[in-house]
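Trainee: Quick check, what structure comes out for this input:
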Amino acid sequence: MSLRERLRGQIAAEGPMSIAQYMTACLHDPDFGYYATRPAIGELGDFITAPMISQMFGEMLGVWIASAWELMGRPSPVRLVEMGPGDGTLMADVLKTVRHAPGFTEAADLWLIETSEPLRAKQRARLAEGARFATDLAGIPRGVPMILFANELLDCLPARQFVRTTIGWAEQVVGLSEEGELAFGLAATPIAGLLPAASAGEIFEQSAAQEALGGELGRRIAEDGGAALLIDYGYAEPAFGDTLQALSQHRKVDPLACPGEADLTVHADFPAVMAAAAAQGAQSAILTQASFLANMGIGERAEALVRAAPSQSATIARQLNRLMSAEEMGELFKVCVIHAPGWTPPAFEDAP
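Mentor: Numbering: from 1, shown residues only. The predicted structure follows:
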């Protein structure tokens, strides 16, 4: 039985499911889920992330981490945590950079938060030894400051979708067509009164999982100290829109076409994440990826790489453009910091 057949049977027996439920099944079903069984990241996979575009991305995060640790007073120990580490490329580049900060390597207690066994195997192979694993933030020991980072994690957390019709709000769900195939439909929603004012046809996405992570990070950081850096494509201000997408071999495909065989994502709702963190006593700020990387010195790093390898100048320029250009990742991707009160993390001194 395929995941498509299982979902069709479940819907036939129990009724339509929310977009959040559908995303969770497609990504994390233990037998057929994309991340549970067949994550394909990289040029030959389904999608590529910033650390795979250029080493400069991980190096700038490493510089940020070392600088933040200095501003925190060089705590020892300090938890260094990555959520959703992919194939381990980003952490590997970060570790190569932070080893140049005197004392940091000795102070750092390294943790990776990963639920996918196939990805854990890749992370172990790339990082060799020294990292410990947890399946969620609750598995990371408490009591000391934490520096956490996550690249393209929020977009994988499930979200519900609500559609403003001419007679009020309805929830977009996954049901069955007359032919018995998976199909989008609308269902009444009991939370219509809690949704924002909108014109007919607008779509509002709400991710309880993203908000919960923001609250959990905010509470932990407010109590134990430290900071979390969340990097993803998404909104810096509240917005409407249908952002659900499925990616297969670097192309967008129908989200209902191949359950469990493609990556499913939605935009990160940074305002909701930041509000949840603030409710727990933490502070936050947000920048575009281009502004963050520029503030951390990626331009100077690119120039140094070109001086060291002039024959690679065109490649380095293309990589820099991919990370920084408004037409590429520079504006769509945001960098959000959640931090303990009383200090301003690096790069965010002038953040709105």
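
Trainee: could you show me where the strands are in the stretch 1-150 of the chain, in order?
Mentor: Assigned by DSSP state E, counting those that start in this stretch, the strands in the stretch 1-150 of the chain fall at 17-18, 78-83, 108-113, 132-134, 146-151.

Trainee: which residues sit in contact with the nearest residue to Arg132 once chain neighbours are set aside?
Mentor: Nearest residue to Arg132, sequence neighbours excluded (C-beta to C-beta, 6 or more residues apart in numbering): Trp111, at 5.3 Å. Where you see a C-beta, it was placed from the backbone N, CA and C, and this is true even at glycine. Shown in contact with Trp111 (C-beta atoms under 8 Å, 6 or more residues apart in numbering): 79-82, 131-134, 140.

Trainee: Quick check: bridge partners of Trp111?
Mentor: Note on Trp111: beta-bridge partners Val81, Arg132, judged by DSSP bridges.

Trainee: Low-confidence ranges, the stretch 151-300 of the chain, go.
Mentor: Low-confidence segments of the stretch 151-300 of the chain (pLDDT under 70): none present.

Trainee: List the contacts of stretch 70-84.
Mentor: With C-beta under 8 Å, 6+ apart as the test, stretch 70-84 has contacts from 65, 69, 90-91, 94, 98, 101, 103, 106-114, 137, 140-141, 144-153, 156, 225-227, 343-346.

Trainee: Mind exporting the C-alpha coordinates of it to CSV?
Mentor: What follows is the C-alpha trace of stretch 70-84 in CSV, where atoms were taken according to Å, rounded to 0.1, in the frame of the first residue of the first chain:
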residue,chain,number,x,y,z
GLU,A,70,31.9,36.8,23.1
LEU,A,71,29.0,39.2,23.7
MET,A,72,27.4,36.7,26.1
GLY,A,73,30.6,36.7,28.2
ARG,A,74,32.1,33.5,26.8
PRO,A,75,30.0,31.1,28.9
SER,A,76,31.4,27.6,29.4
PRO,A,77,29.8,25.3,28.8
VAL,A,78,27.5,26.6,26.1
ARG,A,79,25.1,24.5,24.1
LEU,A,80,25.7,24.7,20.3
VAL,A,81,22.6,23.3,18.7
GLU,A,82,21.4,23.0,15.1
MET,A,83,17.8,22.1,14.4
GLY,A,84,17.2,20.3,11.1
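
Trainee: Specify the local secondary structure of the closest residue in space to Phe348 that isn't next to it in sequence.
Mentor: Counting by C-beta to C-beta, 6+ apart, Phe348 lies nearest to Ala285, which is 4.5 Å off, once chain neighbours are set aside. Assigned state for Ala285: strand (three-state reduction, DSSP: H, G, I helix; E, B strand; the rest coil).

Trainee: My read is that Ala285 contacts Asp350, right?
Mentor: No. Counting by C-beta atoms under 8 Å, Ala285 stays clear of Asp350, with 9.5 Å between them.

Trainee: Can you pick out the residue with more neighbours from those two?
Mentor: Comparing Ala285 with Asp350 by neighbour count (other C-beta atoms under 10 Å), the higher total belongs to Ala285, at 18 against 10.
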